[in-house]
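Novice: below is the sequence, then the predicted model.
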Amino acid sequence: MLNLGKPARGLFVKLPSTEVIDLVAASGFDFAVVDLEHSQLADVDAFRLLRHARTLEFPGLVRIATAERGLVTRLLEAGAAGIHLSTVHRASEVTELRKMCRYAPDGTRSVSLTHPGGAYGGRDLGDYLGAQGQGPIIVAQIETEETEEPLEQIVAAAPDVLFLGVTDLTVDCELDPARVQARVDEVAEAAEAARIPLGAFALDDPRVTYAAVSTDLTLLRNAVLGA
């Protein structure tokens, strides 16, 4: 449902209320990222938010700290349009996540129809598999000055978006703006060379076409302070 061929703007969601998804979807954003890494959300909260986004036909992705097969499966069955993996260091992390998100022969995802996308068992298996298209979006987050493998190898594993985690990157670069900018440029150049969209959080850079502009909590804070 999310067209990565054009600029897209989204919001990180850290609050458990489905009304937040309603507001994000109605406010002109292109996607929401349910944040299971930096929030107080429980897994059950994420399932509910993703299911609600799916009902609205609004792209709801989810950020996770590590790719655990069982959790990834349940998030996808709840309606996640994509998986955003934090702190990627190796190409194999992207490859394994992609396999978890795709059915055979392209992946290792276990098949069930007893979830919303399968009409709770009422959908024909062939029709269901045929409707999967390219599968969920894979977002690989780079947020360190160095990775264990070169960026070229990571992008060769074909994430759909290469995403800059600028806050962690800034800390990893010891708050040195020159080092941060150098790494931003490296990641941007790697994404451009691989023809992969560049994503980032709250980064004003024309090269970023997949922009997570803020979080629901930040917008709420700003509204309260400005009241």
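Specialist: Noted; the coordinates are in hand.

Novice: and the helices in the chain, which stretches?
Specialist: Under the criterion DSSP state H, the chain contains helices at 18-26, 43-55, 69-78, 91-101, 125-130, 151-156, 166-172, 177-194, 216-226.

Novice: distance between the lengthiest strand in the chain and the chain's centre?
Specialist: With secondary structure taken from DSSP state E, the chain has its longest strand at strand 208-215. Distance, stretch centre to chain centre, for strand 208-215: 11 Å (CA atoms, centre = their mean, to the nearest Å).

Novice: could you list the paired strands of it along with their orientation?
Specialist: Sheet pairing of strand 208-215 (DSSP bridges) gives strand 8-13 (parallel), strand 198-201 (parallel).

Novice: picking that back up, in a markdown table, list the helices of the chain along with mean pLDDT.
Specialist: Shown next, in a markdown table, are those (pLDDT from 0 to 100):
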| stretch | mean pLDDT |
| --- | --- |
| helix 18-26 | 98 |
| helix 43-55 | 97 |
| helix 69-78 | 97 |
| helix 91-101 | 98 |
| helix 125-130 | 94 |
| helix 151-156 | 97 |
| helix 166-172 | 97 |
| helix 177-194 | 98 |
| helix 216-226 | 96 |
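
Novice: and the ones you listed as CSV, adding distance to residue 32?
Specialist: Backbone N, C-alpha and C define where each C-beta goes, glycine included. As requested, the helices of the chain are arranged in CSV below (distance: least, CB to CB, whole Å):
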stretch, distance to residue 32
helix 18-26, 5
helix 43-55, 6
helix 69-78, 14
helix 91-101, 18
helix 125-130, 25
helix 151-156, 25
helix 166-172, 19
helix 177-194, 22
helix 216-226, 9
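
Novice: residue 78 touches residue 55, doesn't it?
Specialist: No - the pair formed by residue 78 and residue 55 falls short of the contact definition of CB atoms under 8 Å, at 10.9 Å.

Novice: in this structure residue 169 contacts residue 143, no?
Specialist: Yes - applying CB under 8 Å, one finds residue 169 in contact with residue 143, separated by 4.9 Å.

Novice: residue closest to the middle of this protein?
Specialist: The centroid of the chain falls nearest to residue 84 when counting by CA atoms, centre = their mean (2.9 Å).

Novice: for that residue, name its beta-bridge partners.
Specialist: Beta bridges link residue 84 to residue 63, residue 139, judged by DSSP bridges.

Novice: so it makes contact with residue 32?
Specialist: No - taking contacts as CB under 8 Å, residue 84 lies outside contact range of residue 32: 11.0 Å.

Novice: overlap in contacts of the two?
Specialist: Common contact partners of residue 84 and residue 32 (CB atoms under 8 Å, 6 or more residues apart in numbering): residue 61.

Novice: could you list every residue that touches residue 37?
Specialist: By CB under 8 Å, 6+ apart, residue 37 lies in contact with 63-65, 86.

Novice: which of these sits closest to residue 190?
Specialist: Among those, residue 86 lies closest to residue 190 (CB to CB), at 17.8 Å.
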